[in-house]
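K.L.:
I would like to see how this sequence folds:
(one chain, ligands or ions: 1)
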Amino acid sequence: MRIKELQILVYEYDTVVDLPEADQKLLLAAREAAKNAYAPYSKFCVGAALLLENGEIVLGSNQENADFTDGLCAERVAIFYANSTFPDVAVKALAVTAKNTNGLIEGPAQPCGSCRQVLVETEARYKRNIRVIMDGRKRIQVLEGADNLLPFAFKPNALG
Ligand code: THU
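P.N.:
Modelled structure (predicted):
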């Protein structure tokens with residue numbers, strides 16, 4: 001029997017101005033993107049901003065539907081748009097934020113399981129890590145790679 005311990009580095013900041021400049025810019029873009037959320041059912045408005053390797057910033061927001069399961073999260077809206085528009089360009093970083101009816105959530109705003117799976121696939125696809133910046137009123141957390149969000153992920157190489 002062996003016991004293995006996984007370690008995840010989490011960089012924590014109190015406010016957006018404490019972040020490195022590139023992260024600040026991306027997070028402010030995500031906050032803008034949240035304004036375009038279509039969330040009449042949950043009233044939970046999520047914004048995502050991706051920084052691509054060519055310098056492009058791609059935005060996404062959650063898009064809901066009366067048939068609840070047909071909606072899509074902000075992160076996947078952004079990733080699928082980026083990958084379909086710039087199929088040869090890697091994703092370098094993602095910032096995500098969320099507002100409820102009281103404003104910015106206490107946070108940090110964490111991607112759901114399905115978005116984590118898509119982020120891990122995107123890391124594998126472009127063979128580079130995706131920095132993740134998660135917004136919150138109380139704290140902002142930064143991870144150096146999206147794989148930290150989903151240890152033991154089902155990755156492309158699992159198909160053999
Ligand atoms: N949502 C996102 O956009 N991203 C996440 O990672 C978590 C959840 C959206 C989906 C739905 O429109 C609303 O937030 C409430 O779950």
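K.L.:
What's the first helix or strand after the longest strand seen in the chain?
P.N.:
In the chain, assigned by DSSP state E, the strand with the most residues is strand 91-100. Per DSSP states H and E, the first helix or strand lying C-terminal to strand 91-100 is strand 103-104.
K.L.:
what's that following strand packed up against?
P.N.:
Applying 3 or more CB pairs under 8 Å, 6 or more residues apart in numbering; DSSP states H and E, one finds that strand 103-104 makes contact with no other helix or strand. For every residue, glycine as well, the C-beta is placed using N, CA and C.
K.L.:
Check which element follows it along the chain.
P.N.:
For strand 103-104, the succeeding helix or strand toward the C-terminus, using DSSP H and E, is helix 113-126.
K.L.:
ok, that following helix near the ligand or not?
P.N.:
Yes - where contact is defined by CB under 6 Å from any ligand atom, part of helix 113-126 touches the ligand, namely Cys115.
K.L.:
between the longest strand of the chain and helix 113-126, how big is the angle?
P.N.:
Counting by axes from the mean of the first three to the mean of the last three CA atoms, to 10 degrees, strand 91-100 lies at 170 degrees to helix 113-126.
K.L.:
list the buried ones in strand 91-100?
P.N.:
Buried residues in strand 91-100, counted by 16 or more other CB atoms under 10 Å: Val91, Lys92, Ala93, Leu94, Ala95, Val96, Thr97, Ala98, Lys99.
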